[in-house]
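# Sequence isn't available, so here's the structure alone:
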């Protein structure tokens, strides 16, 4: 029996998924990369030690693809999966009334239903691996509702709630469940469009006076979260930590800043 540990990462082609893959691989872990972007996964795999990764094409909206990807990963790991990192996500900003039906469905299906599918299908592999962890990417937008990102924010609240519930529910199975709540991070997600606008989400965030943090800070936070025996939530970056404090003690200040983002998104 090898001492190698195994992590399966959705959204492994870029951004947070890529950085977490590099960090865990640097600690000697075998990394399963899952994404719809095969070329991006190949680029990520090329950054990892030879023979320490596998590539799995996965659209997280498909239960069938989830099942096939995890079965293929388990064949390489002897059925073990120490961490399932539910990280894949998309961002679409703008006022709700300007979202198309397709925008709304995409956000909910990828950001939340995909996480639920991963947890549901991945449970048996986590349960079979003592001391395992389900790690979910929520967001600073899951701390207090973000104007101009209402549907995105709601999906991240849902991920946060799911993580809290499953950490209790899966305790008897010796599975920890953790949620990362990162600030706005410098990843391809911030280049996503604002509904009915040519402005990116990143530009809206900057206009509201919020920082965009480097992606490298999330990788170490993911490592610490996986090994944290107590805390379900990990607030990553200065904005997330300030929002967590303000949501508890100064919610009015968040509402004021949210108003700025709303007016900006509407071109006012």
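Yes, it's here. Everything numeric here is computed off the predicted structure, so don't read it as measured data.
# ok, for residue 37, nearest residue in space, not its chain neighbours?
Closest residue in space to residue 37, ignoring its immediate chain neighbours: residue 13 at 3.8 Å, by CB to CB, 6 or more residues apart in numbering. The way it works is simple: take the backbone N, C-alpha and C, and place the C-beta from them, glycine included.
# Can you point out the buried residues in stretch 109-117?
Neighbour-count burial for stretch 109-117 flags 109, 110, 111, 112, 113, 114, 115, 116, 117 (criterion: 16 or more other CB atoms under 10 Å).
# Report the separation between the residue nearest to residue 37 and residue 165.
When distance is defined by CB to CB, to the nearest Å, residue 13 is 29 Å away from residue 165.
# ok, now residue 148?
28 Å.
# Can you pick out the residue with more neighbours from those two?
Of the pair residue 148 and residue 165, residue 148 is the one with more neighbours under other CB atoms under 10 Å, namely 26 against 12.
# mind checking the SS state of the more buried one?
coil (DSSP: H, G, I helix; E, B strand; the rest coil).
# my guess is it meets residue 92, correct?
No - using CB atoms under 8 Å, residue 148 is not in contact with residue 92, being 10.6 Å away.
# Show me which residues of the host helix or strand of residue 122 are buried.
In this assignment (DSSP states H and E), residue 122 forms part of helix 114-127. Neighbour-count burial for helix 114-127, counted by 16+ other CB under 10 Å, picks out 114, 115, 116, 117, 118, 119, 121, 122, 123, 125, 126.
# Could you report the separation of the nearest residue to the third one once chain neighbours are set aside from residue 132?
Distances taken as CB to CB, 6+ apart place residue 162 nearest to residue 116, at 6.7 Å, with adjacent residues excluded. In this structure, residue 162 and residue 132 are separated by 17 Å, where distance is defined by CB to CB.
# Count the residues that sit near the residue nearest to residue 129 when sequence neighbours are not counted.
Nearest residue to residue 129, sequence neighbours excluded (CB to CB, 6+ apart): residue 80, at 4.6 Å. Residue 80 has 20 neighbouring residues, counting by other CB under 10 Å.
# looking at it, residue 80 is touching residue 125, isn't it?
Yes - in this structure, residue 80 is within contact of residue 125 by CB under 8 Å, at 7.3 Å.
# shared neighbours, the two?
residue 74 (CB atoms under 8 Å, 6 or more residues apart in numbering).
# Could you give me the buried positions within stretch 163-177?
If you call a residue buried by 16+ other CB under 10 Å, then stretch 163-177 has these buried ones: 163, 166, 167, 170, 175, 176, 177.
# no, scratch that, I was asking about stretch 9-25
Neighbour-count burial for stretch 9-25 flags 9-21, 23-25 (criterion: 16+ other CB under 10 Å).
# Next step: these restricted to helices.
With helices taken from DSSP state H, the overlap with the buried residues of stretch 9-25 comprises 15, 16, 17, 18, 19, 20, 21, 23, 24, 25.
# Any chance of those in a markdown table with pLDDT and distance to residue 219 as columns?
Below are those laid out as a markdown table (pLDDT from 0 to 100; distance: CB to CB, whole Å):
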| residue | pLDDT | distance to residue 219 |
| --- | --- | --- |
| 15 | 92 | 11 |
| 16 | 94 | 8 |
| 17 | 97 | 10 |
| 18 | 97 | 9 |
| 19 | 96 | 4 |
| 20 | 97 | 5 |
| 21 | 98 | 9 |
| 23 | 97 | 4 |
| 24 | 98 | 8 |
| 25 | 98 | 11 |
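# quick one: which of the buried residues of stretch 9-25 is nearest residue 34?
residue 10 (4.7 Å; CB to CB).
# That closest one against residue 73, yeah?
No - Residue 10 is not in contact with residue 73 according to CB under 8 Å; the separation is 11.3 Å.
# Assumed residue 91 was part of a strand.
No - going by three-state DSSP, the assignment for residue 91 is coil, not a strand.
# quick one: the strands in the stretch 51-200 of the chain?
53-57, 83-86, 132-137, 175-182 (DSSP state E, counting those that start in this stretch).
# Present those as TSV; the columns should include mean pLDDT.
Shown next, in TSV, are those (pLDDT from 0 to 100):
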stretch	mean pLDDT
strand 53-57	98
strand 83-86	98
strand 132-137	98
strand 175-182	96
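# Cool, thanks, signing off.
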